[in-house]
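> show me the folded form of this:
(2 chains)
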Amino acid sequence: MLGALPAVLFTAGMLGLPLVLLFVLGFLEIDRGVFTGHISMHGYASVFTDPFYAQVFLRTLLIAIGVTLLCLMIGYPIAYVFYRARGRWKGAILLCVLAPLLTSTLVRTFGWLVILGREGFLNQSLLALGLLKSPVEFLFTLKGVLIGMTQVLLPYMVLPVMASLETISPVLEEAAINLGASKWQTFWQVIIPQTLPGIAGGVTLVFILAFSEFPVPALLGGATFKSLPVYIYQTMATLLDWSRGAALASMLLIGSGLAVYLLQLLFKGLSPWTRTAQK
Amino acid sequence: MIKRFAAALVLFCFLLPLVSCRSNKAGQSVELVVVSYPGDAQIPYRKFLSDPFEKNHPGLSVRLVPSESEDVVAQIKAARGTSPYDVVTLGVPRQISAVDEGWVEQTPRAALPNLAEVNPQFIKACRDTGIPETYSLIGLAYNPDKVPAPRTWADLWNPAYKGKLGMTTPASNLGFAVVVMTAKLNGGSEDNLAPAWPKLHALGPFVVAPSPESLAQLFERGEVAIAPMWNNDAAILALHGLKLKFVQPEPGAIVVVSCMDVVKNSGQTALAREFLNDEISRAFQSHLADAPWYFGPTNKNVSIPAGSSAYMPATIEDLDRATYFDWATAVKHRAEVTEQFDREFSR
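A predicted model of the protein is given here:
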């Protein structure tokens, strides 16, 4: 027990202390980046009484939910194809899933800037195929941000689901089919419940990352994209209103924590379904 | 285990200052950190100023850091007296705040003999603290293949530019100047920027770039065809083959003087002052004014190069006819303007 003390102290110091400082910073009166020596509620009051920030928070939450659902809808089939694949196909799929993680988010987002532009690859291809009459605005819109964030965060959904699919015993599936279940019933009542822990892990990871994502909305959404992390940056770096920035960051942190707690409750509620399926 | 951890921690605490220090003791290397421009605009500073300065001071290394002025200000303030920079380059609107907030030194005039050659109106613009290193112009850049040439600032509202306009937020001096110009064109002043808002809304929809430099990418990708832009950026982009022309719109392009200041409590104050003095030397200012950079020379003995009329006023009389703002008044509203812009144009 005592042997773990250094690790506990290290984690508390490196993770806990900055978070405590962040909360405290919201209570300090800071004038254009200089602490005046006074305690003030200005930071928290301006954030929690201004309906504009509530709008920004809600929008950021909805974007995170949207990206999580998109990742689940695209990621689950990819993981399932991986589960069904055999031989070198399995390796190829795994490589495709992992490849984006080998480059930074920034590089991938710059790639999307080129693809999604008015004269970018996507618009030019759709125009050439006659599917569009004029270019669609992807960049600096919600559409572009959703596309970019989904691509960037997809591996975080696929990998946990892949891992949980790999733990399913093939015997269970064979038993279900032998007992007269259709392929759809087997998938819905045997496979899905077995992969619920993987889905829970993927959903939680993607949601947290999407909720606090900065580079993708800042680059693909433009300088005035309404998202909480973008506003935190602007408040801290441009307006130098550190107490308000700290209050906004606290809002983001509390929101993330609360959302993770609610997700845990949701998946806990679904666990009887998993147990029934396992019986 | 705990003892080992404690020993490692102590060792780390001792080693950290040794690794991060910028020593100036004899025989050891010294580093002067200078905030400069990003991209190609940094080339003349490296080639004609910092490289020769290093040669004249064996053991010295000059690090030019490309940075946005708002990031620099945030970092210096966060450092609270131990600035990561020794010398900063700030446009007048930012420099006014820096002087008011007291984090740049009032460099003694005796340490700057070359200041005698500098145009007094520019010295005054930099509030007699550091040096006026250059001046730049804000005009309109446009793609001649896509939109007609603008002639005046009011032409920005020409329906032909609808949906093709690029802007920057007032967090940058460029974006802030456009807000002030819009207010002044519509009955406002540096102290009354309210008339700008309805007119800016009438300009929409426009793309907001996070920084003046990122406007170049927007032109390159065809996202915008016209935008307010610095003359130096436009000249460099045109040199790189981008289809771009620069106009100094009527009633005049906006002149913004850039100041170079020594940060208070810099460990290299003497070297920093010397660096400032070299910056305003006739030799270096001639390079800055030359193609393709076209930085306005503040040294009165440097003539504006022939063939620069597309990017700079041809004579000092033309320069006098350009647009100057009362920045000291306008900057009082900067924070609220930046915030209002973010709110009104967020999407």
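> residues of the stretch 51-200 of chain A that sit close to chain B?
With the criterion set to C-beta under 8 Å from any C-beta of the partner chain, the stretch 51-200 of chain A comes near chain B through A:F52, A:V56, A:L113, A:V114, A:G117, A:R118, A:E119, A:G120, A:L139, A:F140, A:T141. To be clear about C-beta, it is placed using only N, CA and C from the backbone, and glycine gets the same treatment.
> the domain parsing of chain B - what is it?
B:30-134+B:257-310, B:136-255+B:325-345 (automatic domain parsing).
> mean pLDDT, distance to chain A and mean neighbour count for these - can I get that in JSON lines?
Converted to JSON lines, those look like this (pLDDT from 0 to 100; distance: least, C-beta to the nearest C-beta, whole Å; neighbours: other C-beta atoms under 10 Å in any protein chain shown):
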{"stretch": "domain B:30-134+B:257-310", "mean pLDDT": "91", "distance to chain A": "3", "mean neighbour count": "19"}
{"stretch": "domain B:136-255+B:325-345", "mean pLDDT": "93", "distance to chain A": "4", "mean neighbour count": "20"}
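> so the spatially closest residue to B:Y294 that is not a sequence neighbour: helix, strand or coil?
Leaving aside its sequence neighbours, B:Y294 sits nearest to B:Y311 (C-beta to C-beta, 6 or more residues apart in numbering or on different chains; 4.3 Å). Under DSSP: H, G, I helix; E, B strand; the rest coil, B:Y311 falls in the coil class.
> B:Y311 and B:R282, how far apart?
21 Å (C-beta to C-beta, to the nearest Å).
> picking that back up, the residues of the stretch 51-200 of chain A next to chain B into CSV, with extra columns for neighbour count?
Output for those, formatted as CSV (neighbours: other C-beta atoms under 10 Å in any protein chain shown):
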residue, neighbour count
A:F52, 15
A:V56, 22
A:L113, 20
A:V114, 14
A:G117, 24
A:R118, 20
A:E119, 13
A:G120, 19
A:L139, 25
A:F140, 25
A:T141, 17
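> tell me the two of those residues that are most distant?
Maximum pairwise distance in those, criterion C-beta to C-beta, is 34.2 Å, between A:F52 and A:E119.
> parallel or antiparallel, which strands does the longest strand along chain A pair with?
Ranked by residue count and defined by DSSP state E, the top strand of chain A is strand A:34-39. Strand A:34-39 has the following sheet partners, assigned by DSSP bridges: strand A:28-31 (antiparallel).
> hmm, who's touching the partner strand?
A:F35, A:T36, A:G37, A:H38, A:I39, A:S40, A:H42, A:G43, A:L240, A:D241, A:W242, A:S243 (C-beta atoms under 8 Å, 6 or more residues apart in numbering or on different chains).
> can you report how many residues lie near the last one?
Counted with other C-beta atoms under 10 Å in any protein chain shown, residues neighbouring A:S243 total 25.
> per-residue pLDDT, it?
Among the per-residue scores, A:S243 shows a pLDDT of 91.
> do the same with the first one
pLDDT recorded at A:F35 is 78.
> now it. Nearest residue, chain neighbours left out?
In space, and not counting its chain neighbours, A:F35 is closest to A:L28: 5.6 Å by C-beta to C-beta, 6+ apart.
> bridging residues for that neighbour?
A:I39.
> gap between it and A:M236?
For A:L28, the distance to A:M236 equals 14 Å [C-beta to C-beta].
> and the residue in the stretch 51-200 of chain A positioned nearest to chain B, what helix or strand is that in?
Going by C-beta to the nearest C-beta, chain B is nearest to A:E119 of the stretch 51-200 of chain A, at 3.8 Å. Under the criterion of DSSP states H and E, A:E119 resides outside all helices and strands.
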